[in-house]
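K.L.:
pasting the sequence and the predicted coordinates here, then a few questions.
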Amino acid sequence: MRAVLSVASEVAPLVKTGGLADVAGALPAALAAEGWAMRTLLPGYPAVLEAARDGREVWREERLFGGPGRVLAFRAAGLDLMALDAPHLYLRDGGPYLGRDGKDWPDNPERFAALSWAGAAIAADGLEDWRPEVMHVHDWQAGLAPLYLKERGGRARSLITIHNVAFHGLADADRRAALRLPEAGFTTEGYEFWGRISALKAGLVWADRISTVSPTYARELLTPEFGMGLDGVLRAREADLAGILNGIDEAAWNPVTDAAIVRYRAPSGKARNRAALCAELGLAPPEGPLCVVVSRLSEQKGLDLLLAALPRLLAAGGALALLGSGDAGLEAMFRQTAAADPARVAVRIGYDEALAHRLIAGGDAILVPSRFEPCGLTQMYGLRYGTLPVVALTGGLADTVITANDAAMKAGVATGLQFHPVTAAALAEALERLAALHADRPAWTVMQRNAMRHPVGWAASAPAYAGLYAELAAA
Ligand code: ADP
C-alpha cells in the first residue's frame, strides 16, 4: 500500500458540521480499495481526544502557536487517525469553528495554522515508521499546509480539495509573523487577498494540484459569479484543477440495512416510513408529495426561495418537513410557517442524524434549492432511498440528478427535477410539476427505481483520486 496523509478540520463520525466531514471520513475506505493507505490528521477537539485516549505519540513541538502540541495516532470508527493534541487551541467548549456565542473563535487563524503546520511537518519529514508520498488537504482550514510544505522542502506532493470556496480563512495582515508565513509570499500572486491573509488562497497557489467536489463546480469556480474572488487565481491554475464528484457513505445510507428506519428494498417499502414520519411530526398524510429538507440554514442553501414557493406546493396537495439549523432569521421564519399550518408544514430546528434518516426514508421528494452547491450529499441520499431530488441546476446538483424532461421520461431514465434559474418562481413551477408527476403513479415508480439504481458511491471517484495521487507522486 502507498501512503497518503489527509488533513481535515472535521471527520465523520467524530466531528461533523457538514459534507466535508462525510467526505474526509469516507475517503480512506474508498482509497484503500485503490491501494492507498490514508491517515487523517485532525484537531484534538474534546470529542477527538476522548477517542484518542490510548493513542501513541508520533510527533511533538513544544511551541506550537502559543503552547505545546503533539500528535496522537489512533484508530477509531475503522479509520487511521492522528489527533493534534494542543489544549490551548482545541480543548474548549463550543463547536469546531464557533464559540458558544455563535461567533468565530478569534484565534481561528492560529488554530488552523497549527493544524496545517503539523500536517506539513509530517508530510515533509515523515514519521518514524510512515512516510506519505502525498499530502491531501481540505479547504481553508488546511490551506496553509501546502505553503508550509513548500517552505520545508521534502518529497511529498500536495493536493488541496475545495469543498466550498465561500470560506476563505481570512486573517489580518499583521498576523503574518504569528502565522509563520514568509514575507515574500504576501503579494497578489501569493497568499494576500485584498490586504489580508487568505489561507484558502495560499492553498490554491502553493498546492501542486487542486480539486473540487464535482465537475460542474470545477467549471463554475472559474467564473466571477461562483469564484468568490478567487476565480482569477483558479483560472491561472486551470490546467491543475480537477472536478471529482463526492460519493456518499453507502454503508451508513442504505435503506436495506438502515437501523433508523423501517428497512426497504423497493419503493413500495417507503409507505410505512412515510406514515410513521407523518405521525411523528404531526402532519396529515398529504395527497400530494411529502417534501423533505435536511440542511444547514444559510443563504447558500436557497431555503428563503422555498419559503416563497411553499404556498404553491401546498396548493398542489403537498406538504413539507424540514430539519435544519443555522441562520437565526431563517430558523424563525420556518418555525412561524410551521406554527401557522402544523398539519402541512413540520419544522425541526437542530442537528439530528437519526431524524435525517427518517426524513429521507419517509419523504417522497427531497428539496435542495441551493444558489451554489459544490457537490451536495443529501440529494444523493435521496436517490438511494427513492426520494426524488428537486434541485437547483448548479454544481454537483447538476451532475447527480437526471431531470424529468420529455426526453428523459421517454427514455425512462429520469431520477428527479432540476430547476433554473434559481428563483422562487422556478422552484414553485418545479414543485407543481413534481406534484403532477407524483399523481402519475406508474411514472413516479419508474423514477424511484431509476433513482435507487443511480450510482452514488465512490466507484468512479476513488480511482480518480488514486490517479491524481499517482501522478503527483511521479511528478
Ligand atoms: P454542506 O456541507 O454544505 O452543509 P452537504 O450536502 O455537502 O452540505 O452535506 C451536509 C451533510 O450534513 C449531510 O450529510 C447532511 O445530511 C448533514 N446535515 C445537514 N444538516 C443537518 C441536520 N440539521 N441534521 C442532521 N444532519 C444534517
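P.N.:
Thanks, I have the structure now.

K.L.:
which non-adjacent residue is nearest the residue in the chain that the ligand sits nearest to?
P.N.:
Residue nearest to the ligand within the chain: residue 19 (2.3 Å; CB to the nearest ligand atom). Using the backbone N, CA and C atoms, a C-beta is placed for each residue, glycine as well. Using CB to CB, 6 or more residues apart in numbering and skipping residues adjacent in sequence, the residue nearest residue 19 is residue 377, 4.9 Å away.

K.L.:
is any residue of stretch 86-104 near the ligand?
P.N.:
No - using CB under 6 Å from any ligand atom, stretch 86-104 never reaches the ligand; the gap is at least 12.7 Å.

K.L.:
for the remainder of this discussion, apply numbering that starts at 397.
P.N.:
Sure, I'll start numbering at 397, so the last one becomes stretch 482-500.

K.L.:
residues of that stretch that come out buried?
P.N.:
Neighbour counts over stretch 482-500 (16 or more other CB atoms under 10 Å) mark 482, 484-486, 492-493 as buried.

K.L.:
what about that stretch, distance to the chain center?
P.N.:
Remark: stretch 482-500 is offset 20 Å from the chain centroid, using CA atoms, centre = their mean, to the nearest Å.

K.L.:
quick one: contacts of stretch 832-846?
P.N.:
The contact list for stretch 832-846, computed with CB atoms under 8 Å, 6 or more residues apart in numbering, reads 663, 666, 684-685, 712, 714, 760-761, 782, 784, 798, 800, 805, 808-813.

K.L.:
give me the buried entries from those.
P.N.:
Here, 16+ other CB under 10 Å leaves 663, 666, 684-685, 712, 714, 760-761, 782, 784, 798, 800, 805, 810-813 buried among the contacts of stretch 832-846.

K.L.:
quick one on the thing from earlier: tabulate the buried residues of stretch 482-500 (CSV), appending secondary structure and pLDDT.
P.N.:
Shown next, in CSV, are the buried residues of stretch 482-500 (DSSP: H, G, I helix; E, B strand; the rest coil; pLDDT from 0 to 100):
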residue, secondary structure, pLDDT
482, coil, 98
484, helix, 98
485, helix, 98
486, helix, 98
492, coil, 97
493, coil, 97
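
K.L.:
need the max-distance pair from those.
P.N.:
Using CB to CB, those span at most 16.7 Å, a distance reached by 484 and 493.

K.L.:
residues contacting the residue of the chain closest to the ligand?
P.N.:
The contact partners of residue 415, by CB under 8 Å, 6+ apart, come to 559, 609, 642, 770-773.

K.L.:
for residue 731, same thing?
P.N.:
Contacts of residue 731 by CB under 8 Å, 6+ apart are 743, 745.

K.L.:
so for the strand or helix carrying it, what gets flagged as buried?
P.N.:
Using DSSP states H and E, residue 731 maps to helix 724-736. Going by neighbour count (16+ other CB under 10 Å), the buried part of helix 724-736 is 726-727, 729-730, 733-734.

K.L.:
now stretch 591-608
P.N.:
Under 16+ other CB under 10 Å, the buried positions of stretch 591-608 are 592-608.

K.L.:
so which of the residues you listed are in strands?
P.N.:
Of the positions in those, 592-594, 605-608 sit in strands, assigned by DSSP state E.

K.L.:
let's have those in a markdown table, adding distance to the ligand and pLDDT.
P.N.:
Below are these laid out as a markdown table (distance: CB to the nearest ligand atom, whole Å; pLDDT from 0 to 100):
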| residue | distance to the ligand | pLDDT |
| --- | --- | --- |
| 592 | 24 | 98 |
| 593 | 24 | 98 |
| 594 | 20 | 98 |
| 605 | 22 | 98 |
| 606 | 19 | 98 |
| 607 | 15 | 98 |
| 608 | 12 | 98 |
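
K.L.:
noted, bye for now.
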